[in-house]
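# what's the 3D shape of this:
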Amino acid sequence: MTGITDRIQVEVCVGSMADVAVAAAEGADRVELCGGLELGGLTPSVGLVETVLAESSIPVIVMLRPRAGGFCYDRAEFAAMLRDARRLLDVGAAGVAFGVLDRQGRIDAARSREVVALTAPLPAVFHRAFDFASDRPAALDVLIEIGCTRVLTSGGKPTAEAGAAELCDLIRRAAGRIEIMPGGGITAENVASIVRETGCRQVHIGASAPSDDGSLGSESGIELCDRRYIEGARYRAVAADAVAATISAIRR
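Numbering: from 1, shown residues only. Predicted structure coming up:
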């Protein structure tokens, strides 16, 4: 197994230029830039990506995820992913993180192959959609076959610590053909044991804490987040009946 005295690469999940600056200053090797981290990470704006790329001293992998919820996308959502990928790579992203499943929880090999081909020769990283795959060993084989660079995974468990045994199995199965990057709940308290137990050569960390810009106060009672969509697999979608009923109510 890899010893903790060996250099382990550290990737930090970030959502702002301020996050990137902190990660770089504290010794991170690269960052994964996302929007909507409270929703598990979404595609960031081009403006944010360009700002970060202009100032970052370390490589920036950019998230491709068009909405919250699951990872089975309709035609327009996937087309948007490809458009975003082209634009983000054109402005200098060091690679992309993505994940596409079908309704049975299998890797969507055809669409994943498109993303990998579009990203090459830069890294194409399959994110934690992998942890929701119905058969992860088979999913890993698919990702190897299509040429994916790296998989971010907690070993199919809520945290990498809980999934350490499966992470070991995945690293053995990969046999150097694809990188396995543990992520999910990795902290200063457990990172050394995860590295020792799995033999991984890189880790993905959040290392985050709540922050407040002070502008909203505490007395308004106004909620900026719709808490129905913060947890679980649901995402916000416009309901035709609600639109029709509301318009009808003022146009009758």
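# For residue 43, give its distance to residue 85.
As judged by Cβ to Cβ, to the nearest Å, residue 43 and residue 85 stand 9 Å apart. The C-beta positions use only the backbone N, C-alpha and C, and glycine is treated the same way.
# who has more neighbours, those two?
Neighbours were counted for residue 43 and for residue 85 using other Cβ atoms under 10 Å; residue 43 has more, 24 against 21.
# show me what contacts the more buried one?
Residue 43 sits next to 34-35, 62-66, 81, 84 when contact means Cβ atoms under 8 Å, 6 or more residues apart in numbering.
# And for residue 32?
Residue 32 touches 11-14, 41, 60-63, 97, 125, 204, counting by Cβ under 8 Å, 6+ apart.
# ok, the host helix or strand of it: who's next to it in the sheet?
Using DSSP states H and E, residue 32 falls within strand 30-33. When sheet partners are counted by DSSP bridges, strand 30-33 sits next to strand 9-14 (parallel), strand 60-63 (parallel).
# Can I get those strands in a markdown table including distance to residue 175 and mean neighbour count?
Listed next are the strands paired with strand 30-33 as a markdown table, based on distance: least, Cβ to Cβ, whole Å; neighbours: other Cβ atoms under 10 Å:
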| stretch | distance to residue 175 | mean neighbour count |
| --- | --- | --- |
| strand 9-14 | 19 | 22 |
| strand 60-63 | 23 | 26 |
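# Where among those is average confidence lowest?
When these are ranked by mean pLDDT, strand 9-14 comes last with a mean of 94.
# Now do the helices in the stretch 1-150 of the chain.
17-25, 46-55, 75-90, 109-119, 136-146 (DSSP state H, counting those that start in this stretch).
# okay if I get those as CSV plus mean pLDDT?
Shown next, in CSV, are these (pLDDT from 0 to 100):
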stretch, mean pLDDT
helix 17-25, 93
helix 46-55, 97
helix 75-90, 98
helix 109-119, 98
helix 136-146, 98
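# and of these, who's closest to residue 152?
helix 136-146 (11.3 Å; Cβ to Cβ).
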